[in-house]
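Trainee: quick one, what's the 3D model for this:
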Amino acid sequence: KIDISGSSGLLGQFGDDNNTYYIQVGGLRSMFGYNGENAIIQGAISKGIAFHTGGNTFADSTLERMRIDANGNVGIGTTSPNNVAHIKTNTNGEGLTLQINSITEGDYSQLSFVPSTVDTAVSPIYIRGVRGSSFGTSYLTFNTNSSERMRITSGGRIHFYNLLGSSATQSDVRYDTTSK
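Mentor: Residues are numbered from 1 along each chain as shown. Down below sits the predicted model:
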């Protein structure tokens with residue numbers, strides 16, 4: 001174990017706790033290291049981890065870009081994430097982008113909803129952005145029970161699939177012709 005203090009710029013220690021190697025900064029056990037399987041970045045007890053960009057020195061690196069708080073919530077553009085993933089922007093058009101790196105017709109990006117306690121469960125509910133024959137003919141599909149139920153085409157048409165069934169009537173589908 002090496003203890004460093006003084007004018008070196010690092011106050012802490014390099015140590016080994018049962019094959020876990022780490023650099024501890026300060027007395028609050030903020031550290032980064034390796035536990036034999038994974039790289040670890042650990043914030044101080046009951047604190048989060050903040051990621052900054054910009055600034056000429058560590059002390060003036062005031063542009064926080066992302067944070068993982070003590071509850072495990074991830075915030076991008078916010079210092080107080082209020083959910084598992086919280087993205088905040090002040091600019092119209094910025095936000096979350098899902099992109100498939102492909103120009104092949106039928107390839108897609110997908111936003112899945114998994115109502116299960118099993119992390120490896122395959123989602124039966126999802127929205128897909130599907131590549132058409134060209135970028136301009138791409139479309140959205142809405143899927144439940146792993147089947148497409150609705151499609152919005154690149155031209156703005158809406159198609160419903162397997163919705164009405166044999167006993168349903170047209171009154172089961174409602175639409176508003178007035179513009180917002």
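Trainee: could you list the low-confidence segments of the protein?
Mentor: Along the chain, segments meeting pLDDT under 70 span 1-36, 44-45, 55-62, 162-180.
Trainee: just the strands in the chain please.
Mentor: 2-4, 12-17, 20-25, 30-34, 39-42, 49-53, 63-68, 74-76, 85-87, 108-113, 125-130, 139-144, 147-152, 158-160 (DSSP state E).
Trainee: of those, which is nearest residue 99?
Mentor: strand 108-113 (6.0 Å; C-beta to C-beta). C-beta coordinates here come from the backbone N, C-alpha and C atoms, glycine included.
Trainee: okay, the angle between that closest one and strand 139-144?
Mentor: 30 degrees (axes from the mean of the first three to the mean of the last three C-alpha atoms, to 10 degrees).
Trainee: buried set for strand 108-113?
Mentor: 108-109 (16 or more other C-beta atoms under 10 Å).
Trainee: repeat for stretch 65-83
Mentor: Taking 16+ other C-beta under 10 Å as the criterion, stretch 65-83 shows 66-69, 73-78, 81 as buried.
Trainee: with stretch 145-161 instead?
Mentor: 148, 150-151.
Trainee: now the residues you listed as a markdown table including distance to residue 115?
Mentor: As requested, these are exported to a markdown table (distance: C-beta to C-beta, whole Å):
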| residue | distance to residue 115 |
| --- | --- |
| 148 | 19 |
| 150 | 19 |
| 151 | 23 |
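Trainee: of these, closest to residue 108?
Mentor: residue 148 (11.2 Å).
Trainee: now that closest one. Nearest residue, chain neighbours left out?
Mentor: residue 141 (4.9 Å; C-beta to C-beta, 6 or more residues apart in numbering).
Trainee: just give me the neighbour total for the one you found.
Mentor: 19 (other C-beta atoms under 10 Å).
Trainee: that one against residue 158, yeah?
Mentor: No. Residue 141 is beyond contact range of residue 158, at 11.2 Å (criterion: C-beta atoms under 8 Å).
Trainee: name the residues contacting each of those two.
Mentor: Shared contacts of residue 141 and residue 158, defined by C-beta atoms under 8 Å, 6 or more residues apart in numbering, are found at 150-151.
Trainee: and which of the buried residues of stretch 145-161 is nearest residue 137?
Mentor: Closest to residue 137, out of all of the buried residues of stretch 145-161 and judged by C-beta to C-beta, is residue 151, at 12.4 Å.
Trainee: from residue 130, how far out is the closest one?
Mentor: 9 Å (C-beta to C-beta, to the nearest Å).
Trainee: redo the strands of the chain as JSON lines? Include distance to residue 100.
Mentor: Formatted as JSON lines, those follow (distance: least, C-beta to C-beta, whole Å):
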{"stretch": "strand 2-4", "distance to residue 100": "48"}
{"stretch": "strand 12-17", "distance to residue 100": "43"}
{"stretch": "strand 20-25", "distance to residue 100": "39"}
{"stretch": "strand 30-34", "distance to residue 100": "33"}
{"stretch": "strand 39-42", "distance to residue 100": "29"}
{"stretch": "strand 49-53", "distance to residue 100": "26"}
{"stretch": "strand 63-68", "distance to residue 100": "24"}
{"stretch": "strand 74-76", "distance to residue 100": "21"}
{"stretch": "strand 85-87", "distance to residue 100": "20"}
{"stretch": "strand 108-113", "distance to residue 100": "5"}
{"stretch": "strand 125-130", "distance to residue 100": "8"}
{"stretch": "strand 139-144", "distance to residue 100": "13"}
{"stretch": "strand 147-152", "distance to residue 100": "17"}
{"stretch": "strand 158-160", "distance to residue 100": "22"}
